[in-house]
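**Student:** let's see this in three dimensions:
(2 chains)
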Amino acid sequence: MSRQRKVALVGNPNAGKSALFNALTGARQKIANYPGVTVERKSGRFVLPTGEPVEMTDLPGAYGLDPTSPDEEVTSKVIRGAFEGEAVPDVLVIVLDASNLEQHLVFAQEVLALGKPSVIALNMVDLAERDGLVLDAAVLAEELGVPVISTVAVRRRGLAELGEAIANAGQRHAGPGLTDIGPTERRVAAHAMAGAAILSESRQYRLHASLDRLLLNPWLGPLILLGILFVVFQAVFAWATPFADALEASVGWLHDTVKATLPESLLRDLLTDGVISGVGSVIVFLPQIVILFAFILAMEASGYMARAAFLMDRMMAGVGLSGRSFIPLLSSFACAIPGIMATRSITDPKDRLTTILIAPMMTCSARLPVYAVIIAAFIPNTNVGAGVGLQGLVLLVLYLAGVLGAMAVALLMRSSMTKGAASGFIMEMPKYQMPRLKDMAIGLWQRAWIFLRRAGTIIFMVTVVLWLMLNFPKAGPGESQVDASIAGKIASGLAVVVEPIGFNRDMALALIPAMAAREVAVSSLATTYAVDAGDNEDEQAAELGDQLKARWTLPMALAFLAWFVFAPQCMSTIAVTRRETNGWKWPTFMLVYLFVLAYISAGVTYWIAVAAGL
Amino acid sequence: MTLDLLPIGQGARIVAVDWSALVQEEARRLRALGLEEGARISIAHRGILGGRDPIAITVGRMTVAVRRAHAAAMEVEVLESTGK
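**Tutor:** Numbers count the residues shown, from 1 in each chain, chains lettered A, B, ... in the order given. This next block holds a predicted model:
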């Protein structure tokens, strides 16, 4: 055979397709986007029992071939051979959830009507048995005219038989019973077939129902959700710290070692101060991202995510979004990058776009260093009563400002640019399941890899450019390098622009390298004020604080805080937005509107503070 | 009676759906999930805040969450017993 044959997995969402795909192909999967859309294309290699290797793809879950979401459109086009640049699959593996047979048979009939070589995987038969369902695969095979293999993907049950059936799947013709009927007839037929295939059924899906009674309880449900979220945040901020510290130390060590080893040259400085420090400052977020995604994946795999969306839907509906936007926005409090990546679970494209555009307003962890330094320097550590400190209160106000801003923008967008009635919330609530370690590990590795690859490309390039801008042209004698550099010149120009909102030239200068990542503002202020950067971070922060107090007024500091609530100063966020929206239009829009918001809020803060005599 | 008014746990059958009141894509999705004329359903859960929105509907062996606006487009008749 000249060409590798292609096998595609199709099925309803929640049919256990991904688990089956992982079991068949192992960890070596290729992840990309289908050209022109932000739908994930997963492919891997599977060797049939005959020794023939085939390319296996995991098509997005669909309820029908008449698409209602971008995911379904891809699936529908690919299996009909209408997707440009994507070869039509030679064999289809239709994945059915054994415990939800009647529902899944509707789509199966629609796919079988295409007449392509097909095999059916009757998946998760163990869960069906747990629910008291005993099924006869032979009856189904008889009714549908294609091989039906019982599988339990997570225990590798039935995989060899499935491989054999794929190898033997030949041309077939869809009988008249399949092709000339509509959706209603299919549903009736599905009901009859499922009835015939079920050997015995005791109606006991008790576990599922009683868990729902607890987790969706109007009083307890939200409390449990809140508890889980608290643990997630605790984990993201506390558990990640030792790993982040270790990474930071390694970056520092690498920086110093390279600096000591290589002869002094511009290239060495570019490598150490530019590349290693710059890319390193982003890599330190990897532990947080991995931990956050571990929780998100576990919530998704267990079926809890749909419950969280259900509980939060009413609140999100208030600003024109749906419950599905809740988790991406929540993740954005740690970092907007995983948050924006998590918007892929939002089916409605307009909801998804709105969520992406407001995600950067959630106060991410990179803002904390900036907030911490400024608050420590300018806000007195006093009590405002009831054990609440003024510093903490200011931090809370900054968080709330971001959330309120996001809500306002979402409302505005949903009634203008992303207007559209299809913002409803229709979602299947999957069965509860124990998350599988292997599937989680594969998912985590894929997320981490996407993040690292970006750090190695876009962020790498931006850091190099910034470094060059800060180091050229070279300063003459008696002139500071910063003043002489291109960045310094830009800062002088920028200072004119930001003067009305109370910023001085040093602040303008700090904003330029902070385009790479917000927390760089702190280190660049530190450099500018020539603080003796000791090893002790607290000491460094304290010293910087003294410097700031001497040079900035309180209204200036408050304006600087208000700026960072909104300013989209994070290259990675812009890059991930470009990737997820497939073009420069929306990231550009995001940059512009957030900078305008930042400018206005900083200006208003400054002038109110000045007027109040602060 | 429309589906949004059905008490929790009460078995019912969808007798008519005002598809024109729904956005086309959502109508298709509801159909694909089995929420259409003839389906036997019951309400399993309701949301937490004002309006008790959204609604979790049991249809067959599936639970599907929809908004109250979707349920309001579906006319149901109450079934005496919830068994098959």
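**Student:** where are the low-confidence patches of the chain?
**Tutor:** I'll assume chain A. Across chain A, the stretches falling below the confidence threshold (pLDDT under 70) are A:1-2, A:173-178, A:202-206, A:418-423, A:454-455, A:458-459, A:527-543.
**Student:** oops, I was thinking of chain B
**Tutor:** Along chain B, the model assigns pLDDT under 70 to residues B:49-51, B:81-84.
**Student:** smallest gap between it and chain A, at which residue?
**Tutor:** When you check chain B against chain A by CB to the nearest CB, the closest residue turns out to be B:A32, at 3.4 Å. (C-beta placed from N, C-alpha, C; glycine too.)
**Student:** residue boundaries of the strands in the chain?
**Tutor:** Looking at chain A here, since you left the chain open. Taking DSSP state E to define them, one finds strands in chain A at A:6-11, A:29-33, A:40-47, A:53-58, A:91-97, A:118-123, A:133-135, A:148-150, A:198-201, A:427-429.
**Student:** oops, I was thinking of chain B
**Tutor:** Taking DSSP E as the criterion, chain B carries its strands at B:12-17, B:40-46, B:55-59, B:62-66, B:74-78.
**Student:** quick check: chain neighbours aside, which residue is closest to the residue of chain B closest to chain A?
**Tutor:** By the measure of CB to CB, 6 or more residues apart in numbering or on different chains, the closest residue to B:A32 outside its immediate chain neighbours is A:Y63, 3.4 Å from it.
**Student:** and the one you found, how many residues sit next to it?
**Tutor:** Residue neighbour count, defined by other CB atoms under 10 Å in any protein chain shown, stands at 27 for A:Y63.
**Student:** and the gap between it and A:G115?
**Tutor:** Look at A:Y63 and A:G115: by CB to CB, to the nearest Å, they are 21 Å apart.
**Student:** now for the residue in chain A that chain B sits nearest to: which residues touch it?
**Tutor:** In chain A, no residue comes nearer to chain B than A:Y63, which is 3.4 Å away by CB to the nearest CB. Shown in contact with A:Y63 (CB atoms under 8 Å, 6 or more residues apart in numbering or on different chains): A:12-13, A:72, A:107, B:29, B:32-33.
**Student:** surely A:M193 meets A:L144?
**Tutor:** Yes. The pair A:M193 / A:L144 is scored as a contact, 7.5 Å apart, by CB atoms under 8 Å.
**Student:** returning to what we had before: now the strands of chain B as JSON lines including mean neighbour count and distance to A:V596?
**Tutor:** Formatted as JSON lines, the entries for the strands of chain B read as follows, by neighbours: other CB atoms under 10 Å in any protein chain shown; distance: least, CB to CB, whole Å:
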{"stretch": "strand B:12-17", "mean neighbour count": "17", "distance to A:V596": "45"}
{"stretch": "strand B:40-46", "mean neighbour count": "20", "distance to A:V596": "41"}
{"stretch": "strand B:55-59", "mean neighbour count": "22", "distance to A:V596": "40"}
{"stretch": "strand B:62-66", "mean neighbour count": "24", "distance to A:V596": "37"}
{"stretch": "strand B:74-78", "mean neighbour count": "18", "distance to A:V596": "44"}
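**Student:** can I get those strands in CSV including distance to chain A?
**Tutor:** Conversion of the strands of chain B to CSV gives the following (distance: least, CB to the nearest CB, whole Å):
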stretch, distance to chain A
strand B:12-17, 12
strand B:40-46, 4
strand B:55-59, 6
strand B:62-66, 4
strand B:74-78, 13
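**Student:** can I get those strands in JSON lines with distance to A:H255?
**Tutor:** Below are the strands of chain B laid out as JSON lines (distance: least, CB to CB, whole Å):
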{"stretch": "strand B:12-17", "distance to A:H255": "65"}
{"stretch": "strand B:40-46", "distance to A:H255": "55"}
{"stretch": "strand B:55-59", "distance to A:H255": "54"}
{"stretch": "strand B:62-66", "distance to A:H255": "51"}
{"stretch": "strand B:74-78", "distance to A:H255": "64"}
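**Student:** ok, which of those strands comes nearest A:W445?
**Tutor:** With CB to CB as the measure, strand B:62-66 is the member of these nearest A:W445 (31.0 Å).
**Student:** who touches the closest one?
**Tutor:** Applying CB under 8 Å, 6+ apart, the contact partners of strand B:62-66 are A:100, A:103, A:212, A:306, A:309-310, A:313, A:323, A:424-429, B:30, B:33-35, B:44, B:54-57.
**Student:** quick revisit: filter the contacts of A:Y63 to the buried ones?
**Tutor:** For the contacts of A:Y63, burial is judged from neighbour counts taken by 16 or more other CB atoms under 10 Å in any protein chain shown, and it is met by A:12-13, A:72, A:107, B:29, B:32-33.
**Student:** gap between stretch A:87-102 and the chain center?
**Tutor:** A distance of 27 Å separates the centroid of the chain from that of stretch A:87-102, by CA atoms, centre = their mean, to the nearest Å.
**Student:** likewise stretch B:36-56?
**Tutor:** On the basis of CA atoms, centre = their mean, stretch B:36-56 sits 6 Å off its chain's mean C-alpha point.
**Student:** same thing with stretch A:107-125?
**Tutor:** Taking the mean C-alpha point of stretch A:107-125 and that of its whole chain, the gap between them comes to 31 Å (CA atoms, centre = their mean).
**Student:** and that stretch, C-alpha only, in CSV?
**Tutor:** Listed in CSV are the C-alpha atoms of stretch A:107-125, where the atom choice follows Å, rounded to 0.1, in the frame of the first residue of the first chain:
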residue,chain,number,x,y,z
PHE,A,107,-25.8,9.8,15.6
ALA,A,108,-24.4,6.4,14.8
GLN,A,109,-27.2,5.7,12.3
GLU,A,110,-26.6,9.1,10.7
VAL,A,111,-22.9,8.3,10.3
LEU,A,112,-23.6,4.8,9.1
ALA,A,113,-25.9,6.2,6.4
LEU,A,114,-22.8,7.6,4.7
GLY,A,115,-21.9,4.1,3.7
LYS,A,116,-18.2,4.3,4.7
PRO,A,117,-16.3,1.3,6.1
SER,A,118,-17.2,1.5,9.8
VAL,A,119,-16.7,-0.3,13.1
ILE,A,120,-18.6,0.4,16.3
ALA,A,121,-16.9,0.5,19.6
LEU,A,122,-19.4,-0.1,22.4
ASN,A,123,-17.4,1.7,25.0
MET,A,124,-17.5,1.9,28.7
VAL,A,125,-19.4,-1.4,29.1
